[in-house]
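Enquirer: compute the structure for the input listed below.
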Amino acid sequence: MYAPQILIEAALNGLMTGAVYALIALGLTLVYGVLHIINFAHGALLTVAMFAVWGAFALLRIDPYLAMLGIVPLMFGLGYGLQRFVIGPASHGSDNNVLLVTLGLSIVLENALLALFRSDTRALDSDAALQVVELGPLLLSTPRLIGFAASLAVTALLWLLLNRTDTGRAIRAVAREKLGAHLVGIEVDHVYAVTFGLGCACLAVAACLLMPTYYVNPRSGAAFVLVAFTIVVLGGMGSIAGALVGGLVIGVVESFSGLLLGDSLGQIGIFLIFILVLLVRPTGLFGARA
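Expert: Take a look at the predicted model:
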């Protein structure tokens, strides 16, 4: 039996980690909700953002949290450009082509990173990962607390953007009925590109929150995107609330699985949930039935 303090710490650590997972999944579910395609380049784009954070710290000594101010708009611009000038034109309006293009883009990005940085693993030369906050008898990681708060804030900002701005209304209109949106004067290609850019911006924030306690190599993003896919399926494809709730649930499950089975087997619980959701409720917790 584990002491109550250990169980509480495991639950809180799971919630804090799950919030960052949710942020990664937000970009994935947003792109699916509007473009109705699975972005296979999601993991590679996360890796690009993580290398950008590492480069800003290693070369310019910019704190990862401050680097967010520059990397987020850069990743938004990268995502916008990729969708507007690469993915959109190359797909020729076919969803199947989009899947192939994003898969090819993922391969290109991963191999470009491998050519530039080799297969070496890199981490920030900082003591930030060792900082803790004492909460009574509990010791909580400071970077994880910051990540939890920032992830909730970004999720709230994204919800406000989608529900309280003209851009958000245009995005929701295109997501609901592309042809109708086009007929009332909404530039669909621009909305697609903005949505893809927002997904990449979410990845940039996640990268800035991950790097104080994590490492990066050309394949780092792949591990996170597998978890993100599970979160999207659990929460419901295209649901922002589902991505947040799913991320928190998956974080707690991973934490307790790691506690009970060991860190090397900690993700078994995640994929068991993935299989159960597909069997019991394929639409996810917040997904609408077809």
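Enquirer: quick one: the helices in this protein, in order.
Expert: Under the criterion DSSP state H, the chain contains helices at 4-35, 42-60, 64-82, 88-91, 95-117, 142-164, 166-176, 178-183, 188-210, 220-235, 240-261, 268-280.
Enquirer: export the ones you listed to a markdown table and append columns for mean neighbour count.
Expert: C-betas here are computed from N, CA, C, even on glycine. Output for those, formatted as a markdown table (neighbours: other C-beta atoms under 10 Å):
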| stretch | mean neighbour count |
| --- | --- |
| helix 4-35 | 23 |
| helix 42-60 | 22 |
| helix 64-82 | 19 |
| helix 88-91 | 16 |
| helix 95-117 | 16 |
| helix 142-164 | 17 |
| helix 166-176 | 17 |
| helix 178-183 | 13 |
| helix 188-210 | 25 |
| helix 220-235 | 23 |
| helix 240-261 | 22 |
| helix 268-280 | 14 |
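Enquirer: any chance of these in TSV with distance to S126 and mean pLDDT as columns?
Expert: Below are the helices of the chain laid out as TSV (distance: least, C-beta to C-beta, whole Å; pLDDT from 0 to 100):
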stretch	distance to S126	mean pLDDT
helix 4-35	18	91
helix 42-60	7	96
helix 64-82	8	97
helix 88-91	39	88
helix 95-117	19	92
helix 142-164	10	94
helix 166-176	36	93
helix 178-183	45	91
helix 188-210	13	96
helix 220-235	17	90
helix 240-261	23	90
helix 268-280	28	85
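Enquirer: nearest to E134, out of these?
Expert: With C-beta to C-beta as the criterion, E134 lies closest to helix 142-164 of the helices of the chain, at 10.6 Å.
Enquirer: picking up where we left off before, of the helices of the chain, which approaches L130 most closely?
Expert: Across these, closest to L130 is helix 142-164 (C-beta to C-beta), at 8.9 Å.
Enquirer: which other helices and strands contact that closest one?
Expert: Counting by 3 or more C-beta pairs under 8 Å, 6 or more residues apart in numbering; DSSP states H and E, the packing neighbours recorded for helix 142-164 are helix 4-35, strand 132-135, helix 166-176, helix 188-210, helix 240-261.
Enquirer: how far off centre is that helix?
Expert: Centroid separation between helix 142-164 and its chain, computed with C-alpha atoms, centre = their mean, to the nearest Å, is 12 Å.
Enquirer: so which of the helices and strands packed on helix 142-164 comes closest to A56?
Expert: Of the helices and strands packed on helix 142-164, nearest to A56 by C-beta to C-beta is helix 188-210, at 9.2 Å.
Enquirer: identify the residues contacting G235.
Expert: When contacts are counted by C-beta atoms under 8 Å, 6 or more residues apart in numbering, G235 touches 25, 29, 241-247, 284-287.
Enquirer: and what of N163?
Expert: Neighbour list for N163: R172 [criterion: C-beta under 8 Å, 6+ apart].
Enquirer: numbering from 33 from now on, please.
Expert: Okay, using 33 as the starting number, the last item reads as N195.
Enquirer: distance of it relative to S289?
Expert: Distance, N195 to S289, using C-beta to C-beta, to the nearest Å: 35 Å.
Enquirer: over to L101?
Expert: Distance, L101 to S289, by C-beta to C-beta: 36 Å.
Enquirer: which of the helices and strands packed on helix 174-196 sits closest to V265?
Expert: Across those, V265 has its closest neighbour in helix 272-293 (8.0 Å, C-beta to C-beta).
Enquirer: now do the closest one: which elements does it pack against?
Expert: helix 36-67, helix 174-196, helix 252-267, helix 300-312.
Enquirer: out of those, which is closest to L106?
Expert: It is, among those and with distance given as C-beta to C-beta, helix 36-67, at 15.0 Å.
Enquirer: for that closest one, packing partners?
Expert: With contacts taken as 3+ C-beta pairs under 8 Å, 6+ apart, helix 36-67 sits against helix 74-92, strand 170-173, helix 174-196, helix 198-208, helix 220-242, helix 252-267, helix 272-293.
Enquirer: next, the angle from it to helix 198-208.
Expert: Interaxial angle, helix 36-67 versus helix 198-208 (axes from the mean of the first three to the mean of the last three C-alpha atoms, to 10 degrees): 80 degrees.
Enquirer: and the gap between T187 and A275?
Expert: 8 Å.
Enquirer: could you name every residue contacting both of these two?
Expert: Common contacts of T187 and A275 (C-beta under 8 Å, 6+ apart): 54, 58.
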